[in-house]
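I need the structure of the sequence given here:
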Amino acid sequence: MNSFRSMIRRRRSCRAYTEEPISEEVLRGLIDNAVWVPNGSNNQPWRFVVITDKALMKHYSDLAKADWLDNLTDSPHMHQYEQFMRDPDYNIFYYAPALVVVYGNRESYWY
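A predicted model of the protein is given here:
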């Protein structure tokens, strides 16, 4: 229990990344470990997509920012981020070297 508590309390957000790419071996290792999390009936209703193409990540960032701005009136508490969303140089992924998209299987009983 102490190691779990220690791990949770030492967790930090990272928003400053280096240009160093992450190897496929490291990415596979992270995903291989992630699939061990508990899930309903061991159904494992998730899939993973890894994106390392910077232009594609920028494209997705720009799409997400546009959607965010289009829906701003429905979420007034999000106005505090409006200046970031309007900045063409702001990337919602903080220029990370890789993006791991986790998505669920809608056919799963536990989804």
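
which residues in this protein form strands?
Taking DSSP state E as the criterion, the chain carries its strands at 46-51, 99-104.

quick one: which of those is nearest Pro21?
strand 46-51 (11.6 Å; C-beta to C-beta). C-beta coordinates here come from the backbone N, C-alpha and C atoms, glycine included.

tell me which residues of the closest one come out buried.
By neighbour count, with 16 or more other C-beta atoms under 10 Å as the criterion, the buried positions of strand 46-51 are Trp46.

equivalent analysis for stretch 4-19, please.
Applying a neighbour-count criterion of 16+ other C-beta under 10 Å, stretch 4-19 contains no buried positions.

run through who's touching it.
Tyr94, Tyr95, Ala96, Pro97 (C-beta atoms under 8 Å, 6 or more residues apart in numbering).

residue ranges with poor pLDDT in this structure?
Along the chain, segments meeting pLDDT under 70 span 1-2, 40-43, 108-111.

quick one, longest helix in this protein?
When the chain is scanned for its longest helix (criterion: DSSP state H), the result is helix 54-70.

other SSEs contacting it?
Contacts defined by 3 or more C-beta pairs under 8 Å, 6 or more residues apart in numbering; DSSP states H and E place helix 54-70 against helix 82-86.

just to revisit the earlier point, just the CA atoms of the longest helix of the chain, as PDB, please.
Backbone C-alpha positions of helix 54-70 (Å, rounded to 0.1, in the frame of the first residue of the first chain) are rendered in PDB as follows:
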ATOM      1  CA  LYS A  54       3.900  15.900 -35.900                       C
ATOM      2  CA  ALA A  55       1.800  17.300 -38.800                       C
ATOM      3  CA  LEU A  56      -1.000  14.900 -38.000                       C
ATOM      4  CA  MET A  57      -0.900  15.800 -34.300                       C
ATOM      5  CA  LYS A  58      -1.000  19.500 -35.100                       C
ATOM      6  CA  HIS A  59      -3.900  18.900 -37.400                       C
ATOM      7  CA  TYR A  60      -5.800  17.100 -34.600                       C
ATOM      8  CA  SER A  61      -4.900  19.800 -32.200                       C
ATOM      9  CA  ASP A  62      -6.300  22.500 -34.600                       C
ATOM     10  CA  LEU A  63      -9.500  20.500 -35.100                       C
ATOM     11  CA  ALA A  64     -10.000  20.100 -31.400                       C
ATOM     12  CA  LYS A  65      -9.400  23.800 -30.700                       C
ATOM     13  CA  ALA A  66     -11.900  24.800 -33.400                       C
ATOM     14  CA  ASP A  67     -14.500  22.400 -31.900                       C
ATOM     15  CA  TRP A  68     -13.700  23.800 -28.500                       C
ATOM     16  CA  LEU A  69     -14.300  27.400 -29.700                       C
ATOM     17  CA  ASP A  70     -17.500  26.400 -31.600                       C
END
